[in-house]
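Q: Return atomic coordinates for the entry below.
(2 chains)
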Amino acid sequence: MGTTASQLAKDSLSEYQSNPFKTRICQVFSTSEDKDGSLTFEDFLDLLSAFSDSATLEIKSHYAFRIFDFDDDGTLDCGDLEKLVNCLTGETEDTRLSSEEMRQLISNILDESDIDKDGTVNLSEFQHVISRSPDFVRFVLLSETF
Amino acid sequence: MAQNVNFDLSHPAVEAGLESPADENVVHDSFSQLIAEQSQNEGLSDAIELQHLQGNPDDDEGRDNVAYLSPSENRGWRIGSDEAAEEDNETQTDSLLKDRWSSATLKILSSMPSRTIGRSRGAIISQYYNRTTELRRRTQKRASIKDFSRSARPSIRGYGVEVDTTDSAEKKQERLVKNLQDLSAVDRMRMLKEMPLNLSEKKDLRRLTLEMTKRTRSSSNLPCCSYLKFQIILALRHSWYSCLSFLHSLQLWQMPLKRVGGRFGSGVLSYFLFLKTLLFFNVFLFLVLGSFLVFPQAVYLPELPESRTPFTGLELLTGGGYFSNTLLYYGYYSNHTLPNCPKNNSTRPECDSRSLSYNMPLAYFFTIGLSFFITCIILVYSMSKSFGQSFRIDKSNGMLAMKVFCSWDFKVIKRSSVKLLSENICTQLKELLGDTHHRLVRNTILDKLIKLLIHGLSWTLCLGATAGCVAGIYCFSDYMHKKQESSENDSEDPGLLNEASLLALPVLVSFINLMLPILFQLTAWMEKYNSPSLRTFVSLSRNLILKVSVLGVLCFHWLKRVAGSANDDKTFKCWESFVGQDLYRFLVIDFIFSLLDTLFGELLWRLFSDKVLKRNRRPGFDIAKNVLDLIYGQTLAWLGLLFTPLLPAVQILKLLLLFYIKMSSVMMNCQAPSRPYRVSQMTTIFITLLCFPSFLGSSVCVTYTMWRLPSSGSCGPFRGNKTMIQAGKQRIAELVDENRSLSFLADAHTYLVENPLFLFVGAAIFLIVIYFQSQVVDGQRKIIALLQEQIENEGEDKKFLITRLQSVHERKRTPARNLTSQDSGC
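A: Okay, here's the model as predicted:
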């Protein structure tokens, strides 16, 4: 859609340079054929509307799920959860969790959120966890609310 | 036969060289690779047919009977899969097949609805098709059964029809568009807004929906007047939307708040949002009181009793002197109908027309009551809304999953703050993990005893310090009061020193408010708490006890001592004005001390820490302490509303200055909080604190003043040595006497408000409503438990079916393998 001149490469989004999810955000919202994570204007609008404060909880949780689903298979399995926790805790050595702690964390998460006990967290289970947390909507916002 | 299977793809039970029925030599160990391969094979995907397993591998990719895996739609979504395929070829030598599921089973698993909802556009369309069908069924009336003939098939009757899922994507889209058409415009917009699809796809859907609607509508010709009305309504709506967007861009302080949120996160932002909320409360109070009390009184100025003292700069601090006989205080307001026209003298120009008469005492009475009432309603509404957001019905201990999924603050953009946020999250996760680990570790009795002792000691210390300071305030206020009385009796001219000595009590109180929380913090350092939220609660409750007791003793001082010593000679001739001046002084000195606290606590501490200690850590912004200070200031403003109608204006100025000072101080001197801060919970607590101790306390004080205390004889709208309520009732009686038509008000008042039966019935209804709500919540909890069990059972069913499928595949494959091995053995 359009030429390469009308595409926004993911490096240009300076707001998100330090956001650990920047690659995933670009990939989720990108509709380009080359799968390089570049965004057209309409993709950028999609991104802003998903992160705005008038987007419903349903939309936010859907896109958050897709951002966290690193291998795009529709569920959050152990690999996805591990990558997610590593993104959250940062890249430096002293903030990373040890493998023992990671294993325990992932098994605790699956215990709490995997209702049908298939070893993965699908979209409905994710939305169920999100709906219990009032902080989610507050955080996934680009602008503050009154 | 269902085993306890694990769908974990890193299962150690591997079978080397497992051949899938469809693709012999390719090994699959992840769904993403599977999906990528399906996209590479452009052929049609068919449903799985167990009989064709030994057939040609090229046409049987595994038939999926869900049509929404057509490649053209899904190509854009499987971005990571190509990379995964390459990775997999490299690591194939390292890790053998990790799972014992065959590729056919994996294909089935990957195309299950619970998994495709998260990634496939077609699945979303079919999900929303189902939702719109349900909505349509609910909103539109179905034709009743009697209208159909008896022999009609159920599908004609319109219920019990199962949606056919074997349609292609285009047909599903058509159906969705048709459903959307049938909904009302509001529902349609809401559905479209909620769909998590691309903007271009939503635009397509809307265009298709409107096209079809236009087609059906263009057949009827609208008469020209309704067409004109239509156009006018459209134009109005368009202008309303552009007006709304303009108003949205005018929001107060949008850029500074964004900057603070981006740098410090939502915790510090919530302090500034709270400040903004208080500002709007005060603006509302100022508008109400200004338009109903100050403005009429300013237009019809009363006669000045005595000469005014000249203006010196000290009035800004003490509120006395030049300010004492102005609109600022209660004593200035007249106690009769404005304009004040004595019967004989008609030289004043306003007395010519009696059409504009304004009953000041009644206006004062009702304005104060109305402003408190509306503030109460707004507070209770915002408290209930905030409480409803943070209260969850099922009390499961799902803390860890919630923390992992919900704790990333997407607002934060500065690199160092992001780093801090990551550290924060890491600490929280480690703590939570450690909690679950060490819960089994038992402390010895000695440890417990020592901990109990330390807690007891620190609580005793804090409460003792509070009690000591409160007693000090009591004695000092007594001393100042006596000194004030004696000084007024002695000399005529107050003198500048006397005016300045009025500031002593506010300075003492603000000093205690500044120093004692530091003591509390020091004692909290030596204590050890199990969880950080417990620590926050304990410190919050200690500060709250301090502030409540300080305000309590001050109220006692004003309402009992000052009001009680009012007499008609010089001393405390107008006690309400004196109390109003005292409150003004407290507010101003509180502001000065906040400035000093910001200066010393943040600026100097940062300079000290940078230059002398050479550390890189800046002081953190203590959110709870600052919010409690704001609540304290607002309580003073509410207390003073009756005595100083212009006090909201002073509070507005104070809040505006405080915003800019705190904002610049935070940006220059502080760093993001290093301890975790649960925003929603703390915001709910702060609004509750604003409502309950703060607003309730001030309204109780004001009610007590109006009900019990005799007003002073020579100043204010209620002069005459009666309580304000009695004076108000007398005024109302006079008014009713003048206009007979208003007598129903008096009757209503007698029968409703003063009748105790009404109150009992009201309280009983309230309690019944609460009981019903609690029963509903109980029932919902039970239903949640049942549904969770049901989902677990469905999960077991799923596992069972998949295992059976797998075993059937294996059985079909092993004869084939036996055949080939026999061939090779020959």
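Q: quick one: is stretch A:83-91 near chain B?
A: Yes. Legend: contact between stretch A:83-91 and chain B by C-beta under 8 Å from any C-beta of the partner chain is shown at A:84-85, A:88-90. All C-beta spots, glycine's among them, are computed from the backbone N, C-alpha and C.
Q: in chain B, which helix has the most residues?
A: Longest helix in chain B by number of residues (criterion: DSSP state H): helix B:756-825.
Q: Which elements pack onto it?
A: Judged by 3 or more C-beta pairs under 8 Å, 6 or more residues apart in numbering or on different chains; DSSP states H and E, helix B:756-825 is in contact with helix B:103-110.
Q: if you look at the helix it packs on, does any of it touch chain A?
A: Yes. Helix B:103-110 lies within reach of chain A by C-beta under 8 Å from any C-beta, at residue B:110.
Q: Measure how the longest helix of chain B sits relative to helix B:103-110, angle-wise.
A: 170 degrees (axes from the mean of the first three to the mean of the last three C-alpha atoms, to 10 degrees).
Q: Now find how far off-centre the helix or strand encompassing residue B:485 is within its chain.
A: Residue B:485 is part of helix B:445-490 when elements are defined by DSSP states H and E. Distance of helix B:445-490 from its chain centroid, counting by C-alpha atoms, centre = their mean, to the nearest Å, is 35 Å.
Q: going on from that helix, what's the next piece of helix or strand?
A: Following helix B:445-490 toward the C-terminus (DSSP H and E): helix B:496-501.
Q: how far out from the middle of the chain is the helix or strand that that next one is followed by?
A: Helices and strands here follow DSSP H and E; after helix B:496-501, the next one along the chain is helix B:504-526. Put simply, helix B:504-526 sits 30 Å off its chain's centre (C-alpha atoms, centre = their mean).
Q: can you pull the buried residues of helix B:504-526?
A: Buried residues in helix B:504-526, counted by 16 or more other C-beta atoms under 10 Å in any protein chain shown: B:505-506, B:508-510, B:512-514, B:516-517, B:519-520, B:523-524.
Q: Closest to residue B:486 out of those residues?
A: residue B:505 (16.3 Å; C-beta to C-beta).
Q: Could you say which helix or strand holds the most centrally placed residue in chain A?
A: Central residue of chain A (C-alpha atoms, centre = their mean): residue A:67, 2.6 Å from the mean position. Using DSSP H and E, residue A:67 sits in helix A:57-68.
Q: Show residues contacting that helix.
A: Contact with helix A:57-68 is made by A:21, A:24-25, A:28, A:50-51, A:72, A:76, A:80, A:84, A:123, A:126-127, A:130-131, A:136-137, A:140, B:118-119, B:194-196, B:405, as judged by C-beta atoms under 8 Å, 6 or more residues apart in numbering or on different chains.
Q: domain parsing for the chain?
A: If you meant another chain, say so; for now it's chain A. A:7-55, A:57-145 (the TED database).
Q: nope, chain B
A: According to the TED database, the ranges for chain B are B:269-303+B:312-338+B:358-485+B:497-720, B:721-754, B:759-802.
Q: Could I get the average pLDDT for the second one?
A: Taken as a whole, domain B:721-754 has an average pLDDT of 75.
Q: Buried ones in that domain, by neighbour count?
A: Buried, per 16+ other C-beta under 10 Å, within domain B:721-754: B:723-724, B:726-728, B:731-732, B:736.
Q: With only the CA atoms kept, save stretch B:636-644 in PDB.
A: Extracted in PDB, the C-alpha atoms of stretch B:636-644 (Å, rounded to 0.1, in the frame of the first residue of the first chain):
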ATOM      1  CA  LEU B 636      -9.400  23.400  56.100                       C
ATOM      2  CA  ALA B 637     -11.000  24.900  53.100                       C
ATOM      3  CA  TRP B 638     -14.200  23.000  53.700                       C
ATOM      4  CA  LEU B 639     -14.200  24.000  57.300                       C
ATOM      5  CA  GLY B 640     -13.800  27.600  56.500                       C
ATOM      6  CA  LEU B 641     -16.600  27.700  53.900                       C
ATOM      7  CA  LEU B 642     -19.200  28.900  56.400                       C
ATOM      8  CA  PHE B 643     -17.000  31.600  57.900                       C
ATOM      9  CA  THR B 644     -15.100  32.800  54.900                       C
END
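Q: Report the mean confidence score over that stretch.
A: Here the average pLDDT along stretch B:636-644 is 91.
Q: which residues sit against it?
A: B:282, B:285, B:289, B:328-330, B:368, B:371-372, B:375, B:555, B:576-577, B:579-581, B:583-584, B:586-587, B:590, B:647-648, B:650-651, B:694-695, B:698-699, B:701-702, B:705-706.
Q: let's go with 7 Å and repeat that
A: B:282, B:285, B:328-330, B:368, B:371, B:576, B:579-580, B:583-584, B:586-587, B:647-648, B:651, B:695, B:698, B:701-702, B:705 (C-beta atoms under 7 Å, 6 or more residues apart in numbering or on different chains).
Q: Repeat that for stretch B:604-611.
A: Contacts for stretch B:604-611 (C-beta under 7 Å, 6+ apart): B:615, B:617-619, B:669.
Q: follow-up on the earlier one: for the buried residues of domain B:721-754, please prepare JSON lines with the additional fields distance to residue B:632 and secondary structure.
A: Converted to JSON lines, the buried residues of domain B:721-754 look like this (distance: C-beta to C-beta, whole Å; DSSP: H, G, I helix; E, B strand; the rest coil):
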{"residue": "B:723", "distance to residue B:632": "29", "secondary structure": "strand"}
{"residue": "B:724", "distance to residue B:632": "26", "secondary structure": "helix"}
{"residue": "B:726", "distance to residue B:632": "33", "secondary structure": "helix"}
{"residue": "B:727", "distance to residue B:632": "32", "secondary structure": "helix"}
{"residue": "B:728", "distance to residue B:632": "30", "secondary structure": "helix"}
{"residue": "B:731", "distance to residue B:632": "35", "secondary structure": "helix"}
{"residue": "B:732", "distance to residue B:632": "36", "secondary structure": "helix"}
{"residue": "B:736", "distance to residue B:632": "42", "secondary structure": "helix"}
